[in-house]
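Trainee: Starting from these lines, generate the structure:
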Amino acid sequence: MAADCCSAKSSTLETLARQRDQRRVLLIVLAINAVMFALEFGAGVIAGSTALMADASDMLGDAVVYAVSLFALARSDRWKAGAAMLKGVVILALGVGIAVNVALKIGSGVPPSSTLMVTFGGLALAANAVCLVLLTRFRRQDVNMASTWECSRNDVINNCGVLLAAALVWWLASPWPDIVIGGLMALIFLRSAVRVIAEAAPQLRTA
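Mentor: The predicted structure is shown next:
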């Protein structure tokens, strides 16, 4: 009986410690994404880069995602599944927004500043790499943290896309690399949104 009690207490303490670690990491990545959104979006507007603004918008979306994850940490499986579903909807909205931005960029036809794209795209890549490393050890703990890790993984891919677009814009002196990379980023968002929603939906129904 005493052994069962100690075992139950140990399990409870382990769960609480894990949630405390999750909360600390989520607060760190939330702060990183909030700061990077302000820096990168401003640079994207000045540079006239669709890819850079799309990446910055993703930073804002991730800040919202991490805030939702923090809210769901100590709650039931239903709350966690609901938080993951909300994150899927946020990712979907970002994908649609980026697609609209790409369409507008096609109409303007003005090449963006490759120098600003490289500078802030590289800074964003470093920031998101740190976030991804911090979140990796939590990715298999529950659907909430899995979807959070998915968002951060997408960020790293997007940052590499921004740097590739910057190099091609400089080389070709054309807006099309920025437009194409922005379009690919939109597709990545949409694919990820479908995956997160598909994983969350059955758990939300059965929780």
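Trainee: tell me the contacts of the residue nearest the centre of the chain?
Mentor: The structure's the chain has its C-alpha centroid closest to residue 151; by C-alpha atoms, centre = their mean the separation is 3.2 Å. Applying C-beta atoms under 8 Å, 6 or more residues apart in numbering to residue 151 gives the contacts 61-62, 65, 87, 91, 192. To be clear about C-beta, it is placed using only N, CA and C from the backbone, and glycine gets the same treatment.
Trainee: Tell me the confidence at it?
Mentor: At residue 151, the model reports a pLDDT of 74.
Trainee: got it, and the one 10 residues further on?
Mentor: Reported pLDDT at residue 161 in the predicted model: 83.
Trainee: quick one: least confident helix or strand in this protein?
Mentor: Ranked by mean pLDDT, DSSP states H and E, the helix or strand of the chain with the weakest confidence is helix 2-47, at a mean of 69.
Trainee: ok, now which ones touch residue 124?
Mentor: By C-beta under 8 Å, 6+ apart, the contact set of residue 124 is 36, 40, 55-56, 59, 155, 159, 162.
Trainee: State the helix or strand in which it lies.
Mentor: Mapping residue 124 onto the secondary structure by DSSP states H and E places it in helix 114-136.
Trainee: circling back: which is the next helix or strand following the least confident helix or strand of the chain?
Mentor: From helix 2-47 onward toward the C-terminus, using DSSP H and E, the following helix or strand is helix 50-72.
Trainee: Packing partners of that following helix?
Mentor: Secondary structure elements in contact with helix 50-72, counted by 3 or more C-beta pairs under 8 Å, 6 or more residues apart in numbering; DSSP states H and E, are helix 2-47, helix 77-108, helix 114-136, helix 143-172, helix 176-206.
Trainee: Residue 70 is nearest to which of the ones you listed?
Mentor: Across the helices and strands packed on helix 50-72, the minimum distance to residue 70, taken as C-beta to C-beta, is reached by helix 2-47, at 5.1 Å.
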